[in-house]
Every structure is written in structure tokens, then in C-alpha cells.
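Participant: what follows is a predicted structure for the sequence shown.
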Amino acid sequence: MQTLIDLLWHEKRDALYSVGLGALSGLTAVALFAMSGYMISKAALAPPFYTILILTSFLKLFGAVKSSSRYFERVISHRVTFQALSRIRLHFFEQLQPHVPQLFSKYRSGDLLARFVGDVEALQNFFLRVVYPPLVTAVVFLATIFFSLFFSVWIALALLIGILLVSVVIPVILSKRLTKYDVLEKRAALSTETAEYFAGYRDLRLHQQAKNKQQSLERLQHMYEQEQHRNSRVQVWSQTLNAGVASFSAFAVLAAGAYLVSTGELNGLYLAMLTLVALTSFESAIPLANTPTYFHESNQAMERLEFLDKEPLPIKDHSLLVAESYTLMVNQLIYSYPEALRPVLNNISLTFPAGSSTVIVGASGSGKSTLLQLLAGMIMPTSGEILYNGQDISNVQEESLWQQTGIQLQSSHFFYGTVRENLALAHASATDEELQQALEKAQLPLDLDASVFERGENLSGGEKQRLSLARLFLQRAKVWLLDEPFTSMDSFTEERLSSELKQHLNGGTVIMISHKLNGLEEVDQIVVMDHGEIKEVGSFEELVARQGLFYEMLEIENQIV
């Protein structure tokens, strides 16, 4: 909550203006009705015409001031809210950014979307419904009670008791009930499952599970609606009690005033005025009924938006030292996914000499891709170290690391747009001729202006992989990290692309994951992994001569082929 107040404090000047204008609007509303009550009573005594004329002029003045101040108060207060929401979104995005790309291994996309959209939107009520009403009400009631003291202490006391009940006692009692309800969590759960439902709808239909998933969503929706209903019921009760107390307080002022008039302690001319003052002043207090609800909601929303503050990131204040080539070393590396039963990588130690080529092989799930992501600095190890020319990348800013590396993962993201725009991600200043050459090297006969759908839905698996390779052909890097770049291609295309890729990567430190074992004779080093551990390291000839795990895998592949 302190973060929200700090972000709102940037708009303190406009916030003070809006509170001042709101107080002015409330006070002129009270003055308008007070003058109306006094005028009605005064008119009954048949005063001179100029008296009625003066009172009428004041009525028009108060009406004009009330309307204009209310208008500008609305404009400024909403500007404060929108500016604050903009700062909150930026603050949340700045929180998220350092955690990418490992963020999605811990949090689901639907949950993040619910936080970024729904929870931020919930905070729009913090200033308008939590901060603003109590301040305006305090100013209006202090002025009203002070004004009432000139006529009767008892009437002022009745107003004071009424405002304490409306603004303090009732909200505190009902706020305790609100702590039982968690509307935002229920909404986030529904949003998360709905996002997954739409993302996997095709597969759900193919496996005849769409109806079961839909029923699960309906249950979540029902739970969310029930939570909303219980929360709304508290709000309705709060509003009803506030309105009841406000009416009773106005009646108490009327009764006390009538008694004081009967005893001669109050001039009857002011009775209607004081009664209307009581009725009007409580109008600014009735919105306080919802203040606890919005405060509870804002507090929950801010806690959900500050969830990453509880996971401090290591300080990365160094850049990767620029060199002609890089030797990569991995020392006693261990990595575990959150809440995993066993480590994905266990005590890995390796050296990748500068300018060498290394292929990592092993069964599915052996930790190959995880190791590559660690080498790329996309995730951080649980323990151990990764060194580039002796420099530990745990202290290196990712951008400086990625400037020296060319990375291709198993799946690449493609944005809605054109082929040109998707290639420009790898080389923003590349000319059309360079982009076209990259497509030709990747054996991808596409026009630069050809459309690419969201996530590349209009491209085949092989086309996506070749478009990723085209991006790679546009880069100039010292270290190349490739995760099975040819899995979706036929043997003929793979052979031609492999030759092109070899020429492009020449001179760099190449680390590649491969599912094929034949054709690795020219590789400097082969690493064999199994269940997160390194089983063998050596050249093709050495591993074959050793007749260990690699030899067994090669024999199986030859038999299948």
C-alpha cells in the first residue's frame, strides 16, 4: 500500500486541487440549502422586497459556484486517477521485465494478465473512493459543526455523533466482514483458467474434453459470482445503515431544534435552515459507506501487484567484456524448477573452448534445453557458476550478454505483421537485400511483405524453423547456442541448411543440441547427458571407441534408420 501512496503522491498538486474543489462544492451545497431554508422562513414574515432579492442572489451565486466547482473537481480528480493508473502500470511492468524470460516458469499467463489488467483497474477507486471522500467530508463537517455551534451546542453535538457513526463506527464494523472475502483471487482464478481454455481449445475439442473444461470454468464463475454477491451484500448493508443514520441524525437535529425553539433557546427562524444543513451535510458522508470495501479491494490488488518484490533479483551491474572469442565454462551447476521434486541438472561441469563446436545429445528430458537456457542467461542456476572467458554471468547484464550471442530455441515467437517485420527483430537496420539473402540462405521462398499471423499460425513447423534460421543468418555473434534447429525439416533440406549454417557460424563458439547422432564426426566435442547428468564427453571417434552410452544410442539410431 505504501507503494500506491508513493505513486499517488506524484500527483499531489492536482489531488489537493480536487479535494479543495470538492470541499468547496460540498460547502456551497450546504450553504445553498441553508440559505433556502432561511429564505423560506424569512419570507413567511413578509420582509422587504430587497431582502428577498439579496437572498435570491446569494442562492444563484451558491448554485453557480457549486456546479462549476463540482465540474472542475471531477475533471481534476479523474486526471489524478488516470495519471496514477499509468504510473502503476509502468511500475508493474518494470517489476516484470527483469524476471523475463523465467517468469512463465513460475506464473501462468492468465494470472499475470489478471494482475496487469483487472488488479490495476481495481486501483482506480483508491483516490476517488478511499482518499478523496473522507477528506472532503471532514472539511464539510468541521465547517458545518462550527457553524451550528453559533446556534446550539446540542445541535452541533447531534451532528458530531451522526458523523462519527457514519464515518468511523459503521465502516470499522463492516470492514471486518470484508476480510473474509477475496473477490480478486476468485476473479484471477477464473481469468487464468479462461485464458488456458481459449489457448488450448483446439486440443480440448480433439480429445473431447472441451465440455469438462467448460464445466470447470462454470464452477469457477459460480464461485466468483458468489463472492461478488457476498461482497455486494456488505456494501448494500453499509449504504443502508449510513443512509439510516444520516436520516436519523437529521431528524435528531429537527427534534432538538423544535425543542429549543419551544423553550425559547433558539430563534424559530433558523429551524428550517439547520434541518436542511443537517440533511445536506450528510450527503457528502454517505459515500463513506463504500470506503472500507474499496480500501480492502485496493489493498488486495496492490499486494497482488507487488508479488515480485518478495523475490529480489541478483544485482547485475557489470557488462560482458567484449572479446574476439569466448571460452565457456560450467562449474558444479545445479538447477531446479520451482517446487520440482528433483533437480533438472545435477552437478554439471563442462568446458567449451573458444572457437570450438560442441553438440549436446541425450534422451528427451535429460536437461539439454535447460542447460542451453542457462548458458544463454535466460534462467539463473540454483547453484554453481557459468563463466564467459572467466567472467561469471550471474553479475552480467543480460543485454550485454545477448549482444555477443546468437540464440535459437526450439520454439520462437512470431509477431503479427509481415516477414520483413519479423526478420527485423534480429537486425533492425538490415536492408531489404540483406533480408532477402537471409531468406534464401534459410531456403525459405517467402516475400518480405508476406503476412505472418499471430504466433506464426499461417506457417508450417518447417517454415517457422527456417524463419528462425533466417533471423540467425542476420546476426553476427561470437557464441552460438542452437536448440535442435532442424527437427521439423526433411533430410535434404536439413543437409543444405546445415552447410549454410556451418559457414555462417565459422569462427564462433558453437553449442548445439541435436537429436541425430550420425553426421557428428566433424564436431570437436560431443556431450552425452542423461537424467540431468553428464555421462560422457569426447569426440565422435573417442565415444564410439569407448562403446558406452553414446555408442548404444548410435546403434539404436542405425537400426531404426
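Facilitator: Structure received.

Participant: phi first, then psi, for the closest residue to residue 38 other than its chain neighbours.
Facilitator: Residue nearest to residue 38 in three dimensions, not counting chain neighbours: residue 273, with 4.3 Å by Cβ to Cβ, 6 or more residues apart in numbering. Glycine gets a C-beta too; all of them are placed from N, C-alpha and C. The phi and psi values for residue 273, taken as degrees, to the nearest 10, are phi -60, psi -50.

Participant: which residues touch residue 273?
Facilitator: Shown in contact with residue 273 (Cβ atoms under 8 Å, 6 or more residues apart in numbering): 34-35, 37-38, 41.

Participant: how about TSV for these, with neighbour count and distance to residue 344 added?
Facilitator: Formatted as TSV, the contacts of residue 273 follow (neighbours: other Cβ atoms under 10 Å; distance: Cβ to Cβ, whole Å):
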residue	neighbour count	distance to residue 344
34	23	74
35	21	77
37	21	78
38	19	81
41	16	84
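
Participant: pLDDT for these - can I get that in CSV?
Facilitator: Converted to CSV, the contacts of residue 273 look like this (pLDDT from 0 to 100):
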residue, pLDDT
34, 84
35, 82
37, 81
38, 78
41, 80
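
Participant: go through the residues you listed and flag which are in helices.
Facilitator: 34-35, 37-38, 41 (DSSP state H).

Participant: from the contact counts, what lies against the host helix or strand of residue 24?
Facilitator: Residue 24 belongs to helix 12-43 when elements are defined using DSSP states H and E. Under the contact criterion of 3 or more Cβ pairs under 8 Å, 6 or more residues apart in numbering; DSSP states H and E, helix 12-43 touches helix 49-96, helix 132-149, helix 271-281.

Participant: okay, now residue 331: neighbour count?
Facilitator: Residues lying near residue 331 (other Cβ atoms under 10 Å) number 15.

Participant: follow-up on the earlier one: CSV please, covering the contacts of residue 273 and showing distance to residue 224.
Facilitator: Output for the contacts of residue 273, formatted as CSV (distance: Cβ to Cβ, whole Å):
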residue, distance to residue 224
34, 46
35, 49
37, 48
38, 52
41, 54
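
Participant: return the member of those residues nearest to residue 557.
Facilitator: residue 34 (94.1 Å; Cβ to Cβ).

Participant: so that closest one makes contact with residue 276?
Facilitator: Yes: Residue 34 lies in contact with residue 276 (Cβ atoms under 8 Å); the separation is 6.1 Å.

Participant: list the buried ones in stretch 137-146?
Facilitator: 137-141, 143-145 (16 or more other Cβ atoms under 10 Å).

Participant: err, stretch 469-476, not the other one
Facilitator: Those would be 469-475, for stretch 469-476 by 16+ other Cβ under 10 Å.

Participant: now do that stretch: everything it contacts.
Facilitator: Here stretch 469-476 has contacts from 406, 408, 412, 422-423, 425-427, 430, 434-435, 437-439, 441-442, 444, 480, 482, 485, 497, 500-501, 504, using Cβ under 8 Å, 6+ apart.

Participant: inside helices: which ones of the residues you listed?
Facilitator: 422-423, 434-435, 437-439, 441, 497, 500-501, 504.

Participant: could you list the low-pLDDT ranges of the stretch 1-150 of the chain?
Facilitator: 1, 46, 49-50, 98, 101-102, 104-105 (pLDDT under 70).

Participant: what about 80?
Facilitator: 1-9, 38, 40, 42-56, 58-59, 94-114, 116-118 (pLDDT under 80).

Participant: can you tell me the closest non-neighbouring residue to the residue nearest the centre of the chain?
Facilitator: Per Cα atoms, centre = their mean, the C-alpha nearest to the average position across the chain is that of residue 116, at 2.8 Å. Nearest non-adjacent residue to residue 116, counting by Cβ to Cβ, 6+ apart: residue 92, 6.3 Å away.

Participant: what does residue 409 give?
Facilitator: Nearest to residue 409 is residue 483, by Cβ to Cβ, 6+ apart, at 5.0 Å.

Participant: now do stretch 329-337: everything it contacts.
Facilitator: Residues contacting stretch 329-337 (Cβ under 8 Å, 6+ apart): 105, 342-352, 367, 370-371, 374-375, 379, 381-387, 390.

Participant: buried set for it?
Facilitator: For stretch 329-337, by 16+ other Cβ under 10 Å, it's 329-330, 333, 335-336.

Participant: okay if I get these as CSV plus pLDDT?
Facilitator: Output for these, formatted as CSV (pLDDT from 0 to 100):
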residue, pLDDT
329, 94
330, 94
333, 92
335, 90
336, 87
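
Participant: restricted to strands, list the residues you listed.
Facilitator: Residues of the buried residues of stretch 329-337 located in strands (DSSP state E): 329-330, 333, 335.

Participant: closest one of the residues you listed to residue 161?
Facilitator: residue 335 (64.7 Å).

Participant: show me the beta-bridge partners of that closest one.
Facilitator: residue 345 (DSSP bridges).

Participant: how many neighbours does residue 177 have?
Facilitator: Residues near residue 177, counting by other Cβ under 10 Å: 17.

Participant: measure it to residue 299 for me?
Facilitator: Counting by Cβ to Cβ, to the nearest Å, the gap from residue 177 to residue 299 is 15 Å.

Participant: max-length helix in the protein?
Facilitator: helix 210-262.

Participant: what angle separates it from helix 132-149?
Facilitator: 10 degrees (axes from the mean of the first three to the mean of the last three Cα atoms, to 10 degrees).

Participant: okay, now residue 294: neighbour count?
Facilitator: 23.

Participant: which residues touch it?
Facilitator: So residue 294 contacts 125-126, 129-130 (Cβ under 8 Å, 6+ apart).

Participant: same check, this time on residue 293
Facilitator: 178, 231, 234-235, 238.

Participant: among these, which ones are buried?
Facilitator: 178, 231, 234-235, 238.

Participant: what's the most distant pair in the residues you listed?
Facilitator: 231 and 238 (10.9 Å).

Participant: tell me the SS of residue 151?
Facilitator: coil (DSSP: H, G, I helix; E, B strand; the rest coil).

Participant: with the contacts of residue 273 in mind, which one is nearest to residue 528?
Facilitator: residue 34 (89.9 Å).

Participant: quick one, what contacts that closest one?
Facilitator: Contacts of residue 34 (Cβ under 8 Å, 6+ apart): 273-274, 276-277, 280.

Participant: ok, 6 Å please
Facilitator: 273, 277 (Cβ atoms under 6 Å, 6 or more residues apart in numbering).

Participant: most tightly surrounded among the helices and strands packed on helix 12-43?
Facilitator: helix 271-281 (a mean of 23; mean count of other Cβ atoms under 10 Å).

Participant: show me how far it is from its chain's centre.
Facilitator: Relative to its chain's centre, helix 271-281 lies at 47 Å (Cα atoms, centre = their mean, to the nearest Å).

Participant: CA atoms of that helix as CSV?
Facilitator: What follows is helix 271-281, C-alpha atoms only, in CSV (Å, rounded to 0.1, in the frame of the first residue of the first chain):
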residue,chain,number,x,y,z
LEU,A,271,-35.1,25.8,12.5
ALA,A,272,-35.7,25.0,8.8
MET,A,273,-32.1,26.2,7.9
LEU,A,274,-30.5,24.0,10.5
THR,A,275,-32.6,21.0,9.4
LEU,A,276,-31.6,21.4,5.8
VAL,A,277,-28.0,21.9,6.8
ALA,A,278,-28.1,18.5,8.5
LEU,A,279,-29.7,16.8,5.5
THR,A,280,-27.3,18.3,3.0
SER,A,281,-24.1,17.8,5.0
